[in-house]
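*Asks:* Got a predicted model here, sequence first, then my questions.
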Amino acid sequence: MFNINDYVHISNLNITGYITKICDNNMCYVKSNDKTIYTNISNLKKLDKDINSNKNNIEITFKTNNTEFIPEIMLRHQHLEEAIINLDKYIYDAISHHCKQIKIIHGRHGGVLRNGVHDYLKKSPFVKEFRLGDYYEGSYGVTIAYLK
């Protein structure tokens, strides 16, 4: 069903990448950015994309695991609906990791994601306040949110 270099989505981690090795015990290795994840094949969903043309441009849109939490989420190049779903999951995960400040990267151009993220944050009961990033944080391509 799965082959090496298949572009996949790991559903329980919400990470995309490509398969680098398939093991005999229904486990496999998935490469995403500079990370390699060892996961069960049942967690994978095959995506319709030619990974060979895009191996160096895979982005993690929602990254968590049980031991490490990165207080930054990349939403660039996502449709607004997909970005809001990922942001919602990410905020719940940030709260479970007792994180009080997160960085949301939505990009500078167009403002559609930025406006959608700001509308979502205004309505969220978990967000105390938010602001655009300072120059050294990413300027108006980034929103910094403070959680309750």
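*Replies:* Perfect, I can see it now.
*Asks:* Residue 35 bridge partners, please.
*Replies:* residue 32 (DSSP bridges).
*Asks:* Pull the number of nearby residues for it.
*Replies:* Look at residue 35: counted by other Cβ atoms under 10 Å, it has 13 neighbours. Yep, even glycine has a C-beta here, placed from its N, CA and C like the rest.
*Asks:* Tell me the helix or strand right after the lowest-mean-pLDDT helix or strand in the chain.
*Replies:* In the chain, the helix or strand scored least confidently by mean pLDDT, DSSP states H and E is strand 35-40, which has a mean of 83. Per DSSP states H and E, strand 35-40 leads on to strand 44-46 as the next helix or strand towards the C-terminus.
*Asks:* partners of that following strand, with directions?
*Replies:* strand 7-10 (antiparallel).
*Asks:* Run the chain-centre distance for the longest strand anywhere in the chain.
*Replies:* As assigned by DSSP state E, the longest strand anywhere in the chain is strand 15-22. Centroid separation for strand 15-22 versus its chain: 16 Å, with Cα atoms, centre = their mean, to the nearest Å.
*Asks:* What angle do strand 35-40 and that strand make with each other?
*Replies:* Following axes from the mean of the first three to the mean of the last three Cα atoms, to 10 degrees, one obtains 70 degrees for the angle between strand 15-22 and strand 35-40.
*Asks:* list the helices and strands strand 15-22 packs on?
*Replies:* strand 7-10, strand 27-32, strand 35-40 (3 or more Cβ pairs under 8 Å, 6 or more residues apart in numbering; DSSP states H and E).
*Asks:* Enumerate the positions of the least confident helix or strand of the chain that are buried.
*Replies:* 37, 39 (16 or more other Cβ atoms under 10 Å).
*Asks:* Assign the residue of the chain most remote from its centre to helix, strand or coil.
*Replies:* Computed with Cα atoms, centre = their mean, the residue of the chain farthest from its C-alpha average is residue 24, at 28.9 Å. The local conformation at residue 24, judged by DSSP: H, G, I helix; E, B strand; the rest coil, is coil.
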